[in-house]
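Need a 3D model of the sequence below.
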Amino acid sequence: MDDIQATYIDEDEEDEDCATTATATANGVKHEPPEDHDHSEESKPSSDDDEEDPPPKKQKQLSSLTAPTLPEENQATEQPISIAAAAVGATETPKIAKKTKKKNNNVWTKPTSRKGKKKAKATANNAPTEDPVLITPVPRFPDKNDDSPDLKICLSKIYKAEKVELSDDRMRAASGKGYRMVRATRGVVEGAWYFETKVLKLGETGHTRLGWSTEKGDLQAPVGYDANSYGYRDIDGTKVHKALRETYGKEGYAEGDVIGFYINLPDGAMYAPKPPHLVWYKGQRYVCATDTKEDPPKVVPGSEISFFKNGVCQGVAFKDLCGGRYYPAASMYTLPNQPNCVVKFNFGPDFEFFPEELDGRPVPRPMIEVPYHGFDSQTENGVSNEKKH
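Model prediction:
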């Protein structure tokens, strides 16, 4: 009986051991016997091991990356070493990237650096021998057919709007369908000068603005439209400058009236800007300049413009004019499908109403006495031939 009971007890213990192994396997823990322990310790189940939870997978991954387990003292000392090593690695990484970038830049910038050097050498060689010259194309260029030393002052065929019509003697101007300007072939820089304009025909819708204009005056606009011209208007006798009308004369003028134009520029040549250097280069018309910067206009002290109506002075219209060359100018206007407005110029010396009372102003000279101030200039392949008069 005792043998039978002992057999049952052994079977019960084996069943319990199997049950314990099954539960451990179900929980995901597999017990393996350590290599250096005795068999007696292997048979003893520990309650602490059974109650502990299995470590998470992340901890196993981190532990697999670290060095083999060491005593606590060694671990405490090695942790800062690993952090320092990581810091060194982090600082060294961008240095490597910078080196690679520099190498790439050096490789790709070799062609451009060569071109830059070549350009620098070319400019260095050309600098002492040639100065940079700027040329700008101009739509209008004076020629011998427009004015020459053998001719006298008259209306210009070049410096006029296309819609303005001139007579054969180039003393009459006619235009319609909007204000357009024409100016004379010669202008004045200093001194006192005078000319007259007679209104031949206005019609029902015609108007005029007469006066003085510089070289920069807009030919597609009336006299007085910008800062480069000064006008006298037939309606109400107002004066116009920079497109601003101001009350001037007692009344306007009409057909048959003779308008006199007086200008005084004492020592105006001292305040006039440099004249443009016009050249003909490779079949094109250009203005040649060595510097793009223009000097600001200078005011001529004591300068003035006055208008006369049938010999009667209407007063001083404008004072303190800017230095420059001033040309007689006229602009005419009519509505569409209406006859042109016509005016006639008289540059002297026989005037209909030469001013007698000047109130101390210098006696003017007739515009017919203005000398020829044009020039013939040609430039081909850098060689310039210029004849000034």
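
what ranges do the strands span in the stretch 251-389 of the chain?
Assigned by DSSP state E, counting those that start in this stretch, the stretch 251-389 of the chain shows strands spanning 258-265, 277-281, 284-289, 304-309, 312-319, 327-333, 341-346, 365-366, 375-380, 383-388.

Please name the nearest non-neighbouring residue to residue 270.
residue 323 (7.6 Å; Cβ to Cβ, 6 or more residues apart in numbering). For every residue, glycine as well, the C-beta is placed using N, CA and C.

before we move on, what about residue 154?
Distances taken as Cβ to Cβ, 6+ apart put residue 170 closest to residue 154, at 4.0 Å, once the chain neighbours are dropped.

Can you pull out the low-pLDDT segments for the stretch 1-150 of the chain?
By pLDDT under 70, the low-scoring segments of the stretch 1-150 of the chain are 1-143.

related to what we said a few turns ago, since we're on the residue nearest to residue 154, how many residues are nearby?
Neighbours of residue 170 under the rule other Cβ atoms under 10 Å: 19.

which ones are touching it?
Counting by Cβ atoms under 8 Å, 6 or more residues apart in numbering, residue 170 touches 154, 155, 157.

Could you look up the SS state of it?
Using DSSP: H, G, I helix; E, B strand; the rest coil as the criterion, the local structure at residue 170 reads coil.

Just give me the closest of the contacts of residue 170 to residue 145.
Residue 145 lies nearest to residue 157 out of the contacts of residue 170, by Cβ to Cβ, at 7.3 Å.

any idea which helix or strand carries the closest one?
Element membership for residue 157 (DSSP states H and E) is strand 155-160.

Mind listing the strands the lengthiest strand in the chain pairs with, and their directions?
For the chain, the longest strand by residue count, based on DSSP state E, is strand 191-201. The strands beside strand 191-201 in its sheet (DSSP bridges) come out as strand 258-265 (antiparallel), strand 341-346 (antiparallel), strand 365-366 (parallel).

Residue 210 is in contact with residue 330, isn't it?
Yes: assessed by Cβ atoms under 8 Å, residue 210 is found in contact with residue 330 at 4.9 Å.

which neighbours do those two share?
Contact with both residue 210 and residue 330 is made by residues 197, 223, 343, according to Cβ under 8 Å, 6+ apart.

what would those look like in JSON lines with distance to residue 366 and pLDDT?
As requested, those are exported to JSON lines (distance: Cβ to Cβ, whole Å; pLDDT from 0 to 100):
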{"residue": "197", "distance to residue 366": "14", "pLDDT": "98"}
{"residue": "223", "distance to residue 366": "21", "pLDDT": "96"}
{"residue": "343", "distance to residue 366": "18", "pLDDT": "97"}
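
burial count for residue 169?
So residue 169, with other Cβ under 10 Å, has 9 neighbours.

circling back to that earlier point, what helices and strands are in contact with the strand holding residue 157?
strand 165-166, strand 180-184 (3 or more Cβ pairs under 8 Å, 6 or more residues apart in numbering; DSSP states H and E).

neighbouring contacts of it?
Counting by Cβ under 8 Å, 6+ apart, 140-143, 145-147, 166, 170-171, 173, 180-185, 219, 327, 345 sit against strand 155-160.

okay, the angle between it and strand 180-184?
Strand 155-160 and strand 180-184 are oriented at 130 degrees to each other (axes from the mean of the first three to the mean of the last three Cα atoms, to 10 degrees).

What residues sit buried inside strand 155-160?
155, 156, 159, 160 (16 or more other Cβ atoms under 10 Å).

Check stretch 254-261 too.
Applying a neighbour-count criterion of 16+ other Cβ under 10 Å, one finds 258, 259, 260, 261 buried in stretch 254-261.

That stretch: end-to-end distance?
With Cα to Cα, to the nearest Å as the measure, the first residue of stretch 254-261 is 16 Å from its last.

Need the residues that contact that stretch.
Applying Cβ under 8 Å, 6+ apart, the set of residues contacting stretch 254-261 is 194-202, 210-212, 232, 234, 253, 305, 307-311, 328, 351-355.

just to revisit the earlier point, so which other helices or strands are in contact with the helix or strand following the longest strand of the chain?
Next along the chain after strand 191-201, taking DSSP H and E as the criterion, comes strand 207-213. Packing partners of strand 207-213 (3+ Cβ pairs under 8 Å, 6+ apart): strand 229-233, strand 258-265, strand 304-309, strand 327-333, strand 341-346.

Quick check: can you name the pairing partners of strand 207-213 and their directions?
strand 229-233 (antiparallel), strand 327-333 (antiparallel).

Using PDB, list the CA coordinates for it.
Extracted in PDB, the C-alpha atoms of strand 207-213 (Å, rounded to 0.1, in the frame of the first residue of the first chain):
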ATOM      1  CA  HIS A 207      -7.900 128.000 -80.700                       C
ATOM      2  CA  THR A 208      -4.200 128.700 -80.300                       C
ATOM      3  CA  ARG A 209      -1.500 128.700 -77.600                       C
ATOM      4  CA  LEU A 210       1.500 130.700 -78.700                       C
ATOM      5  CA  GLY A 211       4.800 131.300 -76.900                       C
ATOM      6  CA  TRP A 212       8.300 129.900 -76.300                       C
ATOM      7  CA  SER A 213       9.600 126.300 -76.000                       C
END
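
Next, the angle strand 304-309 makes with that strand.
For strand 207-213 against strand 304-309, the angle by the same axes, to 10 degrees is 150 degrees.

Average pLDDT for strand 207-213, rounded please.
On average, the pLDDT along strand 207-213 is 97.

how big is the angle separating that strand from strand 312-319?
60 degrees.

Show me what counts as buried in strand 207-213.
Using 16+ other Cβ under 10 Å as the test for burial, strand 207-213 gives 207, 208, 209, 210, 211, 212, 213.
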